[in-house]
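Undergrad: This is the structure alone, sequence omitted:
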C-alpha cells in the first residue's frame, strides 16, 4: 500500500492544482486558435503545447522534469530563452527573408514605422504609474512593438521573472493582428482616405540593397548599442540575402534555422507559464498594458500618416501606417485587406511593407534605448 501511495504522489492527479487546470484550458484555446482559426499557427501551436506541457509536469524531488528543475532537459532548452540566445537567431532568419527595397524606394515611409513606436513609450509611463519597477515597465512596454523576439530579449535581461507573461502577451497580440487592428484603422480613417492610391515604388539597385544593412548597422550600433545583438543579426542575415554570393547560408537562415528556433522558442515560452508563476495579478496587468501598447502603436502609425498628408503632394494611404508595428508581414497584409475592401484594385501590400520592416528596426532600436537607460539601474 505504501508503494502504491508513493506512486500516486508522483502522478499528475496528486500534484496538479486548480491553477494548473486553468492554464491547461488556456493551452487548449491557443491550440484551437492555431488549428481552427489559423491565427499564427507557427507561434500559437508550439506555445499552446508548451503551456500544456509545463502545467502537466509534476514537481517531484529527485526527478528533474520542469523548466525550474535543475538539470532537466526543458531547463537546458529554456536556457536559450533565459539568456536571450534565441531572439537574435530569429532576427538572423528575418533578415535573410526580408526585402527592404520598398522602404528604400520611398524613405519617407520609414517615419511611419518610427511613429508606431509611440505605443512603447506611452505604455512605459503607464506601467510605471501602476507600480512596476523601471526594468519591469521597460520590458512590458516593448510588447507594443508586436515583436515577440524583441520582447523576450529585453525581458530576459531586465525582468526575467516576468518573461513568461510578457512573451505570451507579445505573441498573443502578434497572432491577433487581424482582429485588433482593423477596428482601430476604420475608426481613424475616412473612406476617402482608405481609397487613396499610391505610386508604384521605384526600382532599387543591387548596390543600394547591399549597402543598406551595413549602413543601418553602423548608425544604429552607435546610437543604441543595446540593439546590437538584434539589429546586428538582422543586418547580417539581410546581407547574406542581398549579396547573392551566400545563397546557401541565406536559405538555411530563413528556412531550417528559423523554423528550428521558432519551435524551441515557442515551446519553451509556453512551458515557462506554470500556474504558480503565471497566474498572478501582475500577469493581468501585463496583458492589459500590452493591449494598450499595441492599440496605441497602431493608432500612432495611422495618425502620423494623416499628419504627413498635410504636407506632401503625393498622398499616403493612412492604412499603411498601421503596418508600422513589427508583426511582419501580418500587419502589412491587414493594410492590404482593408484597402481592397474599399477598392479591390488598390494594392497596398508593397507600400505597407516599408513601414512594416522599418517597424522591426524601430522596435529593436527602442529596445536598445530602454536597455541603455534602465540596464544599469539596480
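TA: It's in. None of the values given here were measured: they were computed from a predicted structure.

Undergrad: Buried residues in stretch 338-349, which are they?
TA: 338, 339, 342, 346, 348, 349 (16 or more other Cβ atoms under 10 Å). For the C-beta atoms, the positions are set from N, CA and C on the backbone; glycine is no exception.

Undergrad: Quick check: the two most widely separated of those residues?
TA: 342 and 349 (14.7 Å; Cβ to Cβ).

Undergrad: And the next helix or strand past the longest helix anywhere in the chain?
TA: Identified as the longest helix of the chain according to DSSP state H is helix 281-308. Of the helices and strands lying after helix 281-308 in sequence (DSSP states H and E), the nearest is helix 330-342.

Undergrad: Could you give the separation of that next one from the chain centroid?
TA: Here the centre of helix 330-342 is set off from its chain's centre by 20 Å, with Cα atoms, centre = their mean, to the nearest Å.

Undergrad: do the same with stretch 78-94
TA: Using Cα atoms, centre = their mean, the distance between the centre of stretch 78-94 and that of its chain works out at 12 Å.

Undergrad: can you list contacts of that stretch?
TA: 67, 149-150, 152-153, 156-157, 160, 163, 167, 229-234, 236-237, 253-254, 257-258, 261-262, 264-265, 268-269, 271-272, 328, 360, 364 (Cβ atoms under 8 Å, 6 or more residues apart in numbering).

Undergrad: Do me a favour and get the end-to-end distance for it?
TA: Separation of the first and last residues of stretch 78-94 by Cα to Cα, to the nearest Å is 21 Å.

Undergrad: For it, which residues meet the burial criterion?
TA: Under the neighbour-count criterion of 16+ other Cβ under 10 Å, stretch 78-94 has 78, 80-82, 84-94 buried.

Undergrad: which one of those residues sits closest to residue 43?
TA: Using Cβ to Cβ, the buried residues of stretch 78-94 come closest to residue 43 at residue 90, 11.0 Å.

Undergrad: any idea of the pLDDT on the closest one?
TA: At residue 90, the pLDDT value in this model is 94.

Undergrad: Also the one 3 residues further on?
TA: You'll see residue 93 listed with a pLDDT of 95.

Undergrad: Just the helices from the stretch 51-200 of the chain, written as ranges.
TA: With helices called from DSSP state H, counting those that start in this stretch, the stretch 51-200 of the chain shows them at 73-82, 86-97, 101-105, 110-115, 118-129, 134-141, 148-158, 163-175, 177-188, 191-194.

Undergrad: among the ones you listed, which is nearest residue 3?
TA: Minimum separation from residue 3 across the helices of the stretch 51-200 of the chain (Cβ to Cβ) falls at helix 73-82, 27.3 Å.

Undergrad: Measure how that closest one sits relative to helix 163-175, angle-wise.
TA: With axes from the mean of the first three to the mean of the last three Cα atoms, to 10 degrees applied, the angle from helix 73-82 to helix 163-175 works out at 70 degrees.

Undergrad: and the angle for helix 73-82 with helix 148-158?
TA: Angle, helix 73-82 to helix 148-158, by the same axes, to 10 degrees: 90 degrees.

Undergrad: now helix 73-82 and helix 86-97, what's the angle there?
TA: Between the axes of helix 73-82 and helix 86-97, defined by the same axes, to 10 degrees, the angle is 60 degrees.

Undergrad: chain center to helix 73-82: distance?
TA: For helix 73-82, the distance to the chain centre is 20 Å (Cα atoms, centre = their mean).

Undergrad: pLDDT of it, averaged?
TA: Helix 73-82 shows a mean pLDDT of 87.

Undergrad: just stretch 201-212 next, same as before
TA: The average of the pLDDT scores along stretch 201-212 is 91.

Undergrad: Buried residues in that stretch, which are they?
TA: Within stretch 201-212, the residues that qualify as buried are 201, 204, 209, 210, 212, counting by 16+ other Cβ under 10 Å.

Undergrad: Count the residues that sit near the residue nearest to the first one when sequence neighbours are not counted.
TA: Distances taken as Cβ to Cβ, 6 or more residues apart in numbering place residue 105 nearest to residue 201, at 3.7 Å, with adjacent residues excluded. One way to gauge burial is a neighbour count; for residue 105, by other Cβ atoms under 10 Å, it gives 18.

Undergrad: buried subset of the contacts of stretch 78-94?
TA: Buried among those by 16+ other Cβ under 10 Å: 67, 149-150, 152-153, 156-157, 163, 167, 229-234, 236-237, 253-254, 257-258, 261-262, 264-265, 268-269, 271-272, 328, 360, 364.

Undergrad: hang on, the earlier thing: take the helices of the stretch 51-200 of the chain and write them to a markdown table, including distance to residue 323.
TA: Shown next, in a markdown table, are the helices of the stretch 51-200 of the chain (distance: least, Cβ to Cβ, whole Å):
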| stretch | distance to residue 323 |
| --- | --- |
| helix 73-82 | 28 |
| helix 86-97 | 15 |
| helix 101-105 | 11 |
| helix 110-115 | 7 |
| helix 118-129 | 14 |
| helix 134-141 | 20 |
| helix 148-158 | 17 |
| helix 163-175 | 13 |
| helix 177-188 | 9 |
| helix 191-194 | 14 |
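
Undergrad: residue contacts, the closest residue to residue 304 other than its chain neighbours?
TA: Nearest non-adjacent residue to residue 304, counting by Cβ to Cβ, 6+ apart: residue 115, 3.5 Å away. Applying Cβ under 8 Å, 6+ apart, we find residue 115 in contact with 300, 301, 303, 304, 305, 321, 324.

Undergrad: Grab the most central residue of the chain for me.
TA: The centroid of the chain falls nearest to residue 147 when counting by Cα atoms, centre = their mean (1.8 Å).

Undergrad: Model confidence for that one, exactly?
TA: Model confidence at residue 147 (pLDDT) stands at 78.

Undergrad: so how far is residue 307 from it?
TA: 24 Å (Cβ to Cβ, to the nearest Å).
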